[in-house]
Each structure stands twice: as C-alpha cells, then as structure tokens.
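K.L.:
3D, please:
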Amino acid sequence: MSNRPYADRIQSLLSVGYPDQDLRSAILNAVTDLRHLADAHKTSLKAWTYTHRWMTLKRKAFDGISVLASCETMLDVFNAHLLGYAPALVVPKFESLKAYDLPNSFTGIPCPAQTKAQVTCQDCKLCLKSDWLHSTRRVILFEAHGARGRKLAEKLVQIEVKGGN
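P.N.:
Model (predicted):
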C-alpha cells in the first residue's frame with residue numbers, strides 16, 4: 001500500500017495559501033481518506049509533514065499527523081516549541097554529522113537521510129516522531145543543498161547576522 005498520493009495531497013494543501021480554518025478542514029479530509037485506506041489494507045496510519053504556518057495553525061489541527069515546524073532561526077525553533085511543535089531547522093552547514101547542542105537546551109540532529117549514504121526517509125522515520133522530538137527538545141536539522149540551497153544558505157547567514165537567532 002502506498003500513501004504517497006495522500007502525503008502529496010497533504011503537503012500540497014500546506015503550500016497553498018488557504019485561510020487557516022479551510023486548510024485545517026482540507027487536511028482533516030485528507031487524513032480521513034488516508035485512514036480509510038490504511039483500514040482497508042489492515043495497516044496503521046503513519047504520516048508526517050512540515051509547515052511554515054506553525055505560527056497561525058494550532059498543532060492540534062493536524063489530528064495525529066506528525067507535523068514539524070519549518071524554522072529558519074533559533075528564535076523560530078524556540079517559539080515553535082512553545083506552540084507545541086517539534087521544530088525542523090534549515091542550516092547553512094552541519095556543525096557535525098552527529099547530534100550536537102543548540103542554544104536554549106535544544107539538541108540538533110542532522111537529518112540521517114542527508115548524512116548517511118544508505119539511509120532514506122522511508123528507512124529513518126525520525127520525522128514521524130514529533131511528540132518525542134518535542135518532549136526531548138530535539139530539532140531535526142536539514143542542510144541547505146543544491147542551487148536553491150546555496151541561495152537559502154546565504155539568506156540564513158544574513159538572518160543570523162541581523163540577529164534572527
């Protein structure tokens with residue numbers, strides 16, 4: 001059973017500029033459809049995604065989906081955590097390939113799919129553990145990469161210089 005079409009649907013909903021209440025309803029409809037599919041195949045529902053709208057969408061709106069707050073600064077990480085989200089932080093470069101300390105007693109975990117050659121998201125499943133990540137103050141780190149990644153890394157450095165962390 002593949003839940004990819006449903007995961008794509010949820011992700012596309014998060015990227016469209018819906019008003020928050022409409023977005024919440026659309027997400028819950030997609031989750032309900034995914035749960036029906038899981039029930040039909042006698043398997044459990046495990047879904048995860050990211051949102052840049054963590055400041056306006058209540059964490060509870062996602063009804064059991066592991067949702068990470070997409071953050072650009074340590075201030076974002078702190079605020080997302082206060083709102084109940086497990087943060088994911090894009091960094092210009094990993095300080096280490098192993099977990100390392102971040103400000104405010106957070107621990108950064110470099111994305112295993114980016115740091116280990118044979119590991120994929122499907123193998124890792126760390127993003128499915130938002131409750132554990134939140135309760136232990138862990139932050140999944142993603143290194144900016146590719147052509148757009150270089151531009152993003154430059155932007156992140158500018159944010160840090162302006163005092164956004």
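K.L.:
mind checking which helix or strand Val90 is in?
P.N.:
strand 86-91 (DSSP states H and E).
K.L.:
Give the other helices and strands that that strand contacts.
P.N.:
Contacts defined by 3 or more Cβ pairs under 8 Å, 6 or more residues apart in numbering; DSSP states H and E place strand 86-91 against strand 66-71, helix 74-82, strand 106-110, helix 130-135, strand 138-143, helix 146-161. C-betas here are computed from N, CA, C, even on glycine.
K.L.:
For the protein, give me the ranges with low pLDDT.
P.N.:
Applying pLDDT under 70 to the chain picks out residues 1-28, 31, 34-35, 38, 41-46, 63, 145-165.
K.L.:
50 instead, please
P.N.:
Scanning the chain for pLDDT under 50 picks out 1, 156, 159, 161.
K.L.:
got the CA coordinates for stretch 94-113 in PDB?
P.N.:
Taking Å, rounded to 0.1, in the frame of the first residue of the first chain, the C-alpha atoms of stretch 94-113 are listed here in PDB:
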ATOM      1  CA  PHE A  94      26.000  20.900   9.700                       C
ATOM      2  CA  GLU A  95      28.400  21.600  12.600                       C
ATOM      3  CA  SER A  96      28.800  17.900  13.000                       C
ATOM      4  CA  LEU A  97      27.300  14.700  11.400                       C
ATOM      5  CA  LYS A  98      26.300  13.600  14.900                       C
ATOM      6  CA  ALA A  99      23.800  15.200  17.300                       C
ATOM      7  CA  TYR A 100      25.000  18.500  18.800                       C
ATOM      8  CA  ASP A 101      24.000  21.100  21.300                       C
ATOM      9  CA  LEU A 102      22.000  24.100  20.200                       C
ATOM     10  CA  PRO A 103      21.000  27.200  22.200                       C
ATOM     11  CA  ASN A 104      18.200  27.000  24.900                       C
ATOM     12  CA  SER A 105      18.900  23.400  25.700                       C
ATOM     13  CA  PHE A 106      17.900  22.100  22.300                       C
ATOM     14  CA  THR A 107      19.800  19.200  20.600                       C
ATOM     15  CA  GLY A 108      20.200  19.300  16.900                       C
ATOM     16  CA  ILE A 109      20.100  16.000  15.000                       C
ATOM     17  CA  PRO A 110      21.400  16.300  11.400                       C
ATOM     18  CA  CYS A 111      18.900  14.600   9.000                       C
ATOM     19  CA  PRO A 112      20.100  10.900   8.700                       C
ATOM     20  CA  ALA A 113      18.900  10.900   5.100                       C
END
